[in-house]
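Chemist: After the sequence you'll find the predicted model.
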Amino acid sequence: MVSVNKSAMNVVQKMVDRRERLGIKVEKAENGATIIDAGVKAPGGFLAGKYLTELCLGGLCEVTLASYSYDGLELPAIVVQTDYPSIALLGSQFAGWRISAGKYFAMGSGPARALSLKPKDLYAKIEYKDSSDEAVCVLESDSLPPTEAIDLIANACGVEPRNLYIAVAATSSIAGSTQISGRIVETGLHRLTELGFDPKKALYGSGRAPIAPSHPKSTQAMGRTNDMLMYAGSTYFSVDAENDEELSKIVAKAPSCISSAYGRPFYEIFKAANYDFYQIDPALFAPAQIVVNNIKSGVTFCAGYINSDILKKSIALTTP
């Protein structure tokens, strides 16, 4: 079976070789781990975010940068395609690992999760576990990880710290914003899975989302990055499903617009929930639009829509 960590090492090598061009910094931690600063102290950028997205997906993808018009508003965008949906999206990219060591906290994603099995129930669902003596982890954080956090990750993955590669970017950075929008296809498959769809039945996945304009405050930057997915992100899946009626019901419940919290920029929703994610309807964390083609019957289902009005409000659009 394909190894997301071994595949991701090809992306790591490209980032290391092109560090100056990408505006990133590569350094060794005290315990020998390799730290790739893609948007904390280093400037990073769109290209760094593109490579971060490929790292998150274990290299099992095609990622391109483009621009799209949203009701007359032209924004940079990211397009993601994968022929390994359950492994690349849920087994690697899903940000399902809360890294906490002392005062340090970060959300962990990427191939290293397939070694640490964070969370276990999701890996049982997709029937996947990686085997590799090298681990690649991507952290969303405003600061670089201390030795304590690095050791925690290495121990959970069962690798020596010298064989651990950690890429880090802040949410408010261009690279961080780019890689979050690059989670659009994962967001779609995770939502379908939560609704009862077997992710192993997804054969191919594709999607695009605009990249959020920067905001200096991390909480508001986080709000914008979520808005890119839930108000303007679109996904497409080819699946092999037995029952069209059941699939239709699942797709109908999949887009963000079915959520009771839908209709305002995410920062406003988050603030009203006392900055507690667990007080927000989980149905909101979904793509704006989802299209699913059942190759067994040939029927294609579509639900949701792009909401350009909320998108413009989210980024505080003004016209001079």
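Modeler: Done, it's in. Numbering: from 1, shown residues only.
Chemist: okay, CA-based contacts and neighbour counts for the rest of this
Modeler: Will do.
Chemist: distance of the closest residue to residue 97 other than its chain neighbours from residue 158?
Modeler: Computed as C-alpha to C-alpha, 6 or more residues apart in numbering, the closest residue to residue 97 that is not its neighbour in sequence is residue 108, at 4.7 Å. According to C-alpha to C-alpha, to the nearest Å, residue 108 and residue 158 sit 16 Å apart.
Chemist: Which one's more surrounded, these two?
Modeler: The neighbour comparison of residue 108 against residue 158 (other C-alpha atoms under 10 Å) goes to residue 108, with 27 against 18.
Chemist: What are the buried residues along the helix or strand where the more buried one lies?
Modeler: Assigned by DSSP states H and E, residue 108 belongs to strand 104-109. Judged by neighbour count (16 or more other C-alpha atoms under 10 Å), strand 104-109 contains these buried residues: 105-106, 108-109.
Chemist: now, which of these sits nearest residue 86?
Modeler: Nearest to residue 86 among the buried residues of strand 104-109, counting by C-alpha to C-alpha, is residue 109 at 14.5 Å.
Chemist: what's the burial count for the residue lying closest to the closest one once chain neighbours are set aside?
Modeler: Nearest non-adjacent residue to residue 109, counting by C-alpha to C-alpha, 6+ apart: residue 95, 4.4 Å away. By the criterion of other C-alpha under 10 Å, residue 95 has 23 neighbours.
Chemist: swap in residue 240?
Modeler: 18.
Chemist: Over to residue 160?
Modeler: With other C-alpha under 10 Å as criterion, residue 160 counts 17.
Chemist: what about stretch 30-39, average pLDDT?
Modeler: On average, the pLDDT along stretch 30-39 is 98.
Chemist: how about the helices in the stretch 151-300 of the chain?
Modeler: Assigned by DSSP state H, counting those that start in this stretch, the stretch 151-300 of the chain shows helices spanning 174-181, 184-194, 218-230, 244-252, 266-272.
Chemist: Which one of those lies nearest to residue 124?
Modeler: helix 184-194 (12.7 Å).
Chemist: Need phi/psi at residue 73.
Modeler: Dihedral angles of residue 73 (phi, psi; degrees, to the nearest 10) stand at phi -100, psi 110.
Chemist: So what pairs up with it in the strands?
Modeler: In this entry, residue 73 is beta-bridged to residue 70, by DSSP bridges.
Chemist: any idea how far residue 136 is from it?
Modeler: Distance from residue 73 to residue 136, by C-alpha to C-alpha: 36 Å.
Chemist: Comparing those two, which shows the higher neighbour count?
Modeler: residue 136 (32 against 11).
Chemist: Just the pLDDT for the nearest residue to residue 286 once chain neighbours are set aside.
Modeler: Leaving out its chain neighbours, the residue that sits closest to residue 286 by C-alpha to C-alpha, 6+ apart is residue 256, at 4.8 Å. Listed pLDDT for residue 256 reads 98.
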